[in-house]
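S.K.: Build me a model:
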Amino acid sequence: MSITRRNVSRWLLVSVSLIASVACGQLFSGETIDIAKDKKGIGFDDLRYSPWLHRVLVPAGRTGTIVLIDPANHHTSSITGLSTEESYGGGHGEGTTSVDEGEGALYATDRTSKEVVIIDPAARRVTSRAALGGSPDYVRYVGPTHELWVTQPDAEQIEIFSISPRLAHVAYIRAPGGPESLVIDGPAGRAYTHLWSGTSVVIDIKSRSIIARWPNQCKGSRGIAYTFYSPLAPRGRRWFSTLHTTEQCLSRRRPATASTSLITILRDAISIFLAPEAQR
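M.R.: The predicted model follows:
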């Protein structure tokens, strides 16, 4: 199927609706939420739900805003201060495209200025900026080390920043052939990412080193998600993650860490669903 701007916009609106509906436990009846008020299109990449703010976090690309959606009533609010572009040229190489939360702040990437920023969500403003060593993709907060990790696929690396006492570069992790996407398992001290060559890698957070490589049966690995899985939870209340790649392949991994988890790789977006029973 050919991808047109109209198709992209339609699927992105559906994605936002589905994530928000999961958060509030009900489906929308054909409702859409406008993110770009000028209707010129946005290159979405990374959408998150914040349990702390009770909001869906939408890095809105060329608009230079982080849009917060209240899943209870679908109202939106915006945080400005990132790079803007007047027109949409397709793809997601403009403005802010990734966001995360931690320690009372939001963290976002800016592809246009090649920066990572810290945002005060109460004041709704950018409070700190730092230049990146390469073009950014994902940003993730790493709780155990109070750091930000920013993937930079063009440079085949993950750049690490401290956030206290100030936002500052501290290290790189080399990831030849990647990295694509990033998810953090803080309690287990592990991070997970993909390489393009059908491989997922495990990174030890403390040593900042790759400690395992898993074949994932996918020639073009894309999104990744991690959800804690407890075998002690009542049946019908066990959560799994679905991870997506463009190859429509399926791969499941149970990391050998202190946490028990299930990773599933499928197609180019991320969804979390409630399974009636755990897979053993």
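S.K.: Okay, strands next: where are they in the stretch 51-200 of the chain?
M.R.: 55-59, 66-69, 76-79, 99-102, 105-110, 115-120, 125-131, 139-142, 147-152, 157-162, 168-174, 180-185, 190-195, 199-204 (DSSP state E, counting those that start in this stretch).
S.K.: what's the closest of the ones you listed to Glu85?
M.R.: Of all the strands of the stretch 51-200 of the chain, it is strand 105-110 that lies closest to Glu85, at 11.4 Å by C-beta to C-beta. Placement of C-beta: from N, CA and C, glycine included.
S.K.: neighbours around Ala72, how many?
M.R.: 11 (other C-beta atoms under 10 Å).
S.K.: Could you report the distance from it to Leu106?
M.R.: Counting by C-beta to C-beta, to the nearest Å, the gap from Ala72 to Leu106 is 20 Å.
S.K.: Low-confidence ranges, the stretch 51-200 of the chain, go.
M.R.: Counting by pLDDT under 70, the ranges of the stretch 51-200 of the chain that qualify are 91.
S.K.: Show the contacting residues for Asp137.
M.R.: In this structure, Asp137 makes contact with Asp45, Thr97, Ser98, Thr109, Val150, Thr151, Gln152, Pro153, Pro179, Glu180, Ser181, judged by C-beta atoms under 8 Å, 6 or more residues apart in numbering.
S.K.: if we can go back for a sec, out of the strands of the stretch 51-200 of the chain, which comes closest to Ile210?
M.R.: Closest of those to Ile210 is strand 199-204, at 5.1 Å (criterion: C-beta to C-beta).
S.K.: Parallel or antiparallel, list what pairs with the closest one.
M.R.: strand 190-195 (antiparallel), strand 209-215 (antiparallel) (DSSP bridges).
S.K.: Dump these into CSV; add distance to Pro121 and mean neighbour count as well.
M.R.: As requested, these are arranged in CSV below (distance: least, C-beta to C-beta, whole Å; neighbours: other C-beta atoms under 10 Å):
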stretch, distance to Pro121, mean neighbour count
strand 190-195, 24, 24
strand 209-215, 33, 13
